[in-house]
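> Fold the following, please.
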Amino acid sequence: MSDDHEDPKPTLTVTLTAGGLATSGTFRRRWRRGGRTLHHIVDPRTGDAAAPCWRTASVVAATCVDANIASTAAIVMGPAAPGWLAECGLPARLVAEDGTVTSVEGWPS
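Okay, the predicted model is just below:
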């Protein structure tokens, strides 16, 4: 299904010498049902698709598994994600539904 967002183009190259990088997002696996736009990331508190906030969340962590967990959690956490990622010391790049970028913990610019 098509949606209102343009296909995002890479804007930055990140090189890692250790650890892992993962990106979770709601941009690709998205559909409409009952007049609502839904996606594949479920908020375990509600059993419903996570509320819209971040289109993508990219996180660097000690391993790819840790980065994937944190990036998916950031999508679910919504507006609280930048503070949580900073507390965890995890560099991250969050792209809001409107395309606004939030960088956390020294994410490269």
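
> Would you map the strands across this protein?
Chain-ordered strands for the chain, with DSSP state E as the definition, fall at 20-25, 30-33, 36-39, 42-43, 48-49, 54-61, 92-96, 101-104.

> Point out the most buried one among these.
Counting by mean count of other Cβ atoms under 10 Å, strand 54-61 has the highest mean neighbour count of the strands of the chain, with a mean of 24. Just so you know, the C-beta spots here come from the backbone N, C-alpha and C atoms, and that holds for glycine as well.

> helices or strands next to that strand in the packing?
Counting contacts by 3 or more Cβ pairs under 8 Å, 6 or more residues apart in numbering; DSSP states H and E, strand 54-61 packs against strand 20-25, helix 64-77, helix 81-88, strand 92-96.

> Could you rerun that using 6 Å?
The contact analysis (3 or more Cβ pairs under 6 Å, 6 or more residues apart in numbering; DSSP states H and E) places strand 54-61 against strand 20-25, helix 64-77, strand 92-96.
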